[in-house]
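> take this sequence and fold it.
(one chain, ligands or ions: 1)
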Amino acid sequence: MKHFEANFDGLVGPTHNYAGLSFGNVASQSNAAQVSNPRDAAKQGLKKAKALADMGLVQGMLAPQERPDLHTLRRIGFSGSDADVLNQAAKQSPVLLQACASASSMWTANAATVSPSADSADGKLHFTPANLVDKLHRSIEPVTTGNILKAIFADTKHFAHHEHLPEHPTFGDEGAANHTRLCHNYGDAGVEVFVYGRSVADAARPAPRKYPARQTLEASQAVARLHQLRDSHTVYLQQNPDVIDQGVFHNDVIAVGNQNVLFYHEQAFLETQAKLTEIERKMNGNMHFIEVPTAKVSVLDAVKSYLFNTQIITLSDGNMAIIAPTDCQENPAVYAYLNELVTLNTPIKAVHYFDVKQSMQNGGGPACLRLRVAMNDAELKAVNPNVMMNDALFARLNQWVDKHYRDRLSAADLADPQLIIESRTALDELTQIMQLGSVYQFQR
Ligand SMILES: NCCC[C@H](NC(=O)CCC(=O)O)C(=O)O
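Here you go, the predicted model:
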């Protein structure tokens with residue numbers, strides 16, 4: 001039986017826009033009110049996904065969500081026809097309309113936490129959608145995310161789906177962005193590293209002062225229980241609150257792992273040495289810890305370039321490659337570091353750069369755009385094949401984007417009643433392309 005890591009990228013939705021909704025996310029805040037290009041955004045993402053499929057990786061796509069979310073707008077008291085609801089919201093509270101119109105589900109690293117069958121006591125592959133309670137615009141994602149995941153990973157013999165955690169700050173959960181699974185071979189029981197920003201129960205632990213810590217220890221522990229992980233193969237690690245205050249709103253902005261490689265910034269964690277020792281012990285040794293010193297790359301440069309929001313992938317020859325945003329090439333310190341990294345004696349031998357600027361401008365790099373699912377042949381056979389990337393799907397989705405997406409979207413456009421009609425028409429067609437059934441409110 002073959003074991004490997006599959007990546008499921010978020011297809012960027014038709015309402016991709018810059019609304020400055022994410023306090024603590026520097027790019028989101030600094031690009032607020034810029035005009036976006038949803039068509040380019042979707043195509044940049046598709047290109048990256050296709051390139052990984054062409055490199056031999058198993059690559060799927062996850063469908064975007066219905067936006068503007070009229071169901072939520074009605075739930076908070078806007079009424080009448082769809083056009084009335086949008087019009088009232090735009091007049092009375094543009095920020096609520098923006099929160100209900102974000103295409104933020106594109107960052108599927110925040111869709112869910114995933115534990116492969118090799119790690120869980122019942123031998124199933126587990127999914128828990130993230131509740132994303134820290135941000136209003138993201139807190140409305142988990143129900144539809146769960147519907148989409150169930151439509152793709154439907155077979156209950158292989159896949160276990162949990163409800164998102166209770167919607168309270170105690171259980172602030174950001175999904176895979178704060179979770180890294182390490183292993184020697186993908187089929188071996190791995191070590192699941194949960195990185196949290198604060199502990200609710202242990203208020204004595206340090207916490208950020210300026211920006212929110214989105215992930216709590218309590219949420220990480222709950223997910224580990226649901227996924228039936230063993231303590232002997234689980235590590236809880238606290239993010240350094242000082243870097244959260246410098247814009248590291250998720251752990252995947254400052255660290256990334258693959259197999260026995262952990263690539264992270266010197267300032268990423270608290271109690272770094274003790275925790276790395278625990279990881280090394282639970283992995284039974286043979287780890288590659290690649291620590292990037294501040295002297296070579298500052299936290300500021302890491303946040304700007306998204307050096308750590310890269311994907312580390314294993315190629316068929318066993319070597320690893322980094323999938324980086326072109327922003328890393330444009331930052332001299334980071335580019336110099338990456339050029340040096342491939343010459344060092346680590347499994348990482350190459351870096352490939354992709355332009356994902358439409359997403360980057362909202363604080364989402366290559367790693368944010370994908371949900372990793374380590375699996376085996378038998379499990380892959382049970383996955384809905386219509387979401388898997390290949391020449392035909394790539395061509396079909398590019399046509400679909402050309403047909404339905406706008407090439408510019410500003411805040412004012414979000415109230416345009418035509419936008420919701422376009423979005424629903426597009427998504428209805430997409431659910432047929434991907435054979436997802438009725439996953440959206442407007443289809444139920
Ligand atoms: N993993 C990357 C997530 C980026 C995402 N940005 C946003 O939602 C910005 C949306 C806006 O400001 O329009 C976030 O902060 O959760």
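> check which helix or strand covers residue 221.
helix 217-226 (DSSP states H and E).
> tell me what that helix is packed against?
Counting contacts by 3 or more Cβ pairs under 8 Å, 6 or more residues apart in numbering; DSSP states H and E, helix 217-226 is packed against strand 125-129, strand 191-196, strand 234-238. For every residue, glycine as well, the C-beta is placed using N, CA and C.
> format the ones you listed as a markdown table; extra columns: distance to the ligand.
Supplementary listing: the helices and strands packed on helix 217-226 in a markdown table, determined by distance: least, Cβ to the nearest ligand atom, whole Å:
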| stretch | distance to the ligand |
| --- | --- |
| strand 125-129 | 14 |
| strand 191-196 | 13 |
| strand 234-238 | 18 |
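> including distance to residue 73 and mean pLDDT, could these go into a markdown table?
A markdown table is the format used below for the helices and strands packed on helix 217-226 (distance: least, Cβ to Cβ, whole Å; pLDDT from 0 to 100):
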| stretch | distance to residue 73 | mean pLDDT |
| --- | --- | --- |
| strand 125-129 | 22 | 98 |
| strand 191-196 | 32 | 98 |
| strand 234-238 | 37 | 98 |
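> turn the ones you listed into TSV, columns for mean neighbour count and distance to residue 139.
Below are the helices and strands packed on helix 217-226 laid out as TSV (neighbours: other Cβ atoms under 10 Å; distance: least, Cβ to Cβ, whole Å):
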stretch	mean neighbour count	distance to residue 139
strand 125-129	25	11
strand 191-196	25	18
strand 234-238	20	24
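> quick check: residues of the stretch 151-300 of the chain near the ligand?
177, 249, 250 (Cβ under 6 Å from any ligand atom).
> circling back to that earlier point, hey, C-alpha coordinates of the helix holding residue 221 in CSV?
Taking C-alpha atoms only, helix 217-226 is exported to CSV below (Å, rounded to 0.1, in the frame of the first residue of the first chain):
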residue,chain,number,x,y,z
LEU,A,217,-4.5,25.2,23.9
GLU,A,218,-8.0,24.1,24.9
ALA,A,219,-9.0,23.9,21.3
SER,A,220,-5.9,22.0,20.3
GLN,A,221,-6.5,19.5,23.1
ALA,A,222,-10.1,19.0,22.1
VAL,A,223,-9.2,18.2,18.5
ALA,A,224,-6.5,15.7,19.7
ARG,A,225,-9.2,14.0,21.8
LEU,A,226,-11.7,13.9,18.9
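> could you check the angle that helix makes with strand 125-129?
150 degrees (axes from the mean of the first three to the mean of the last three Cα atoms, to 10 degrees).
> centre of the chain to helix 217-226, how far?
Between the centre of helix 217-226 and the centre of its chain there are 18 Å (Cα atoms, centre = their mean, to the nearest Å).
> give me the buried positions along it.
For helix 217-226, a neighbour-count test (16 or more other Cβ atoms under 10 Å) marks 217, 218, 219, 220, 221, 222, 223, 224, 226 as buried.
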